[in-house]
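Undergrad: Quick check, what structure comes out for this input:
(one chain, ligands or ions: 1)
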Amino acid sequence: KHGILSRKSHADMDGKRTPRGRRGWKKFYAVLKGMILYLQKDEYKPDKDLSEVDLKNAVRVHHALATRANDYSKRPNVLKLKTSDWRVFLFQAPSEEEMMSWIFRINLV
Ligand code: I3P
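TA: Numbers count the residues shown, from 1 in each chain. Next up, the predicted model:
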């Protein structure tokens, strides 16, 4: 599955709140492949190698939990992703349908 997602980092690896200065929203082209959610600056090209930044932004979604972000009302169509290493991200999808589809697909992994 792939598509546009905006990301906000809410908690870091240790479960601690992401510090100010790193809490902003950032738009990516997202690709869910196997157990990894790749977040790239540019559109996915199968024959192009991932950059160092792309690899750094990739999120392992094995044993992660995606839910609708009911407690976040500043933007619509936002899902919350809790990873197995206690990171928490918010992801905004372009539509309700896309958000539901991402939640479903992430939780299948
Ligand atoms: C954050 C940025 C986010 C904001 C966040 C800020 O600043 O303005 O958009 O979240 O608020 O800390 P920075 O880019 O300097 O990290 P919202 O869009 O959800 O308001 P927060 O600290 O209350 O999460």
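Undergrad: residues contacting the nearest residue to H63 once chain neighbours are set aside?
TA: What sits nearest to H63 in space, not counting adjacent residues and going by Cβ to Cβ, 6 or more residues apart in numbering, is S84, at 4.0 Å. (Glycine included, C-beta is placed from N, CA and C.) When contacts are counted by Cβ atoms under 8 Å, 6 or more residues apart in numbering, S84 touches 60, 62-64.
Undergrad: Would you report the backbone torsion angles of S84?
TA: phi -70, psi -20 (degrees, to the nearest 10).
Undergrad: From N77, how far off is it?
TA: 24 Å (Cβ to Cβ, to the nearest Å).
Undergrad: remind me which residues of this structure are low pLDDT?
TA: 44, 46 (pLDDT under 70).
Undergrad: all helices of it, in order?
TA: For the chain, applying DSSP state H gives helices covering 52-57, 96-108.
Undergrad: With respect to K26, which of these lies nearest?
TA: For K26, the closest of the helices of the chain is helix 52-57, at 8.9 Å, according to Cβ to Cβ.
Undergrad: rewinding a little: could you say which of the helices of the chain is packed most deeply?
TA: Among these, helix 96-108 has the highest mean neighbour count (mean count of other Cβ atoms under 10 Å), at a mean of 15.
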